[in-house]
Structures are given as C-alpha cells and as structure tokens.
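> A predicted structure for the sequence below; I have some questions about it.
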Amino acid sequence: MGRLTEIAPGVLIATSSYAVTTTTVVVGVAGSGECLLVDPAVTVADLTELAGSLGDLGLRAAVGWSTHPHWDHVLWSAELGDAPRYAAPAAVSIAETERDGMIEYLEKSAPGHDLSLIGRLQSLDASAIPWDGPTARLIVHDGHAPGHGAVFLPDSGVLLAGDMCSDIEIPLLDTVAADPLGDYRAGMERLAAVPGVRQVVPGHGHVGDAAELRRRFALDAAYLDAITSGKPADDPRLAGGPDWMRSVHEDQVRYFQQ
Ligand SMILES: [Zn+2]
C-alpha cells in the first residue's frame with residue numbers, strides 16, 4: 001500500500017497496489033485521536049500497514065463506513081479496532097444475503113483475512129455519519145450496487161465517490177437490478193448535484209479536481225449513451241484496462257442488446 005497522503009486538511013488517502021484501490025481517513029476533532037475510516041482495503045498486508053500508519057499518527061478509527069456491498073469495500077482487521085462500521089440499509093442487506101459470494105471473491109483475490117470481520121456492517125439510515133468529527137454527508141443511491149453511499153465532506157470539499165467517477169474504470173452497472181441504467185444515471189445526477197466539490201476520490205483510481213470530475217461525468221455519460229444505443233464505446237478507460245473490465249464491458253453491451 002502507498003503511504004497515507006493528505007489531499008486536503010484532515011483528509012488522507014492511501015492507495016493499494018491491488019486495483020488502485022483507495023482507502024480514506026478523515027481526521028476527527030483536534031486532540032481526540034479519532035478518525036473516520038472509509039473502505040479500508042485491500043490485502044491483509046495493506047490493512048496491517050494502514051493500522052500501523054494510523055498508530056504512527058496517533059489515530060484510531062472511531063467509526064467506519066463501507067460505500068457499497070462489494071468484497072473489496074467491506075474489509076476490516078482486528079488491528080483497526082472495534083469501531084462501529086456502517087453502510088446504507090440496502091448495502092447491509094446485500095452484504096448479508098451475498099456473504100458467501102463475497103467471501104469466495106475475497107479468498108480468490110486477497111486471501112488470509114479474518115473472515116469473521118468481513119462485511120459485518122450496521123445499517124445506517126441517516127443523512128450524515130454519526131461522529132464528532134467533520135461533517136460527513138451521505139449520498140445514497142443504487143448505481144453500481146444497492147445502497148451505494150458516497151460521502152461528501154463539505155469542510156474540505158472532498159467527495160468520496162465509491163465505485164463511481166473513476167478515471168480508470170468505466171461505469172460498472174448492477175445488471176441484476178430491475179433498472180441498472182436508471183439507477184446509475186440517478187446516482188450520477190445525485191453526485192453531480194453536490195455543491196462545492198473541490199476534489200473527488202474514486203474507490204479505484206486517482207484523486208481529481210472539480211474540472212476532472214466534470215470530465216469523468218462526461219465520459220461516463222458518453223459511455224452509457226454508447227452502450228444503450230448500440231454504438232461502439234470509444235472510452236479511453238477500456239483501451240488500457242484490465243481483461244476483467246473489457247469482459248464486463250462486453251456483458252454490459254450484450255445486456256442492452258437484448
Ligand atoms: Zn464495487
């Protein structure tokens with residue numbers, strides 16, 4: 001895992017070498033030693049390193065947030081402590097019903113975790129994460145996955161977008177949902193309507209500024225227009241992307257051809 005890097009006052013990001021996955025730490029009230037930990041990931045070594053870095057900074061997780069119920073966003077380790085870990089209600093119910101599948105993916109991709117801690121989330125139906133630190137507003141939608149909860153930090157203008165708004169991933173639709181396209185577009189609209197975003201942190205990829213966020217929204221909209229109208233998707237993220245993403249892309253194209 002890369003080092004924790006401060007991208008805005010009190011907002012630190014670490015990036016795993018696994019799928020360019022980001023972990024976010026939001027520092028709490030000065031002197032409290034508390035932090036909010038969003039999507040700690042991915043490997044056992046990553047989490048050990050993260051726990052060590054937090055210790056070096058005199059921080060401990062007071063609360064955790066999982067942006068959505070996919071295996072690489074519901075991880076935890078004993079070294080990170082026993083803070084309450086929240087997710088949106090729809091995400092929690094998927095994490096429970098799909099637990100076996102998530103653990104199968106996890107064991108294939110990043111083995112060795114304490115499985116008793118995976119996906120152990122409490123349902124939070126609220127407009128913000130309950131804690132004493134900087135306001136962490138929740139933007140919950142069903143694009144990409146049910147109960148996908150992005151976090152907006154108005155004090156620093158940082159949007160933690162979960163698996164949306166990526167510079168390296170195409171829109172990945174939840175094609176088992178009743179209306180994957182409607183859900184995704186609704187999610188994009190809700191994120192685009194957040195006022196005062198100065199930086200975006202995708203779950204996989206790189207931090208971008210407001211102009212870069214607009215570029216990503218435009219790319220995402222063009223991608224969705226292409227696959228839903230049967231036109232070739234000329235998306236730069238596909239060209240250099242991994243095999244799994246091209247294969248998901250082909251599945252998405254087929255989904256809309258039916
Ligand atoms: Zn995901």
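That came through, no problem.

> got a list of what A226 touches?
Residues in contact with A226 (C-beta atoms under 8 Å, 6 or more residues apart in numbering) are 232-235. Every C-beta, even on glycine, is put in place using the N, C-alpha and C of the backbone.

> rerun at 7 Å
By C-beta atoms under 7 Å, 6 or more residues apart in numbering, the contact set of A226 is 232-233.

> Backbone dihedrals for it, please?
phi -60, psi -50 (degrees, to the nearest 10).

> Show me which residues of the protein sit near the ion.
By C-beta under 5 Å from the ion, the residues of the chain that approach the ion are 70, 163.

> Grab the most central residue of the chain for me.
Nearest to the geometric centre of the chain sits G162, at 2.4 Å (C-alpha atoms, centre = their mean).

> ok, it touching V151?
No - checked against C-beta atoms under 7 Å, the pair G162 and V151 is beyond contact range at 8.2 Å.

> Nearest to the ion: which residue in the stretch 151-258 of the chain?
Of all residues in the stretch 151-258 of the chain, D163 sits closest to the ion, at 3.7 Å by C-beta to the ion.

> quick one, what contacts that residue?
D163 neighbours (C-beta under 7 Å, 6+ apart): 68, 144, 172, 203-204.

> now swap in T15 and tell me
If you count contacts by C-beta under 7 Å, 6+ apart, T15 has them with 2, 21-22.

> now the helix or strand hosting I13, how far from the chain's geometric center?
Secondary structure from DSSP states H and E places I13 in strand 11-15. A distance of 13 Å separates the centroid of the chain from that of strand 11-15, by C-alpha atoms, centre = their mean, to the nearest Å.

> got the buried residues for it?
Using 16 or more other C-beta atoms under 10 Å as the test for burial, strand 11-15 gives 11-15.

> Dump those residues to a markdown table, plus pLDDT.
Formatted as a markdown table, those follow (pLDDT from 0 to 100):
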| residue | pLDDT |
| --- | --- |
| V11 | 98 |
| L12 | 98 |
| I13 | 98 |
| A14 | 98 |
| T15 | 97 |
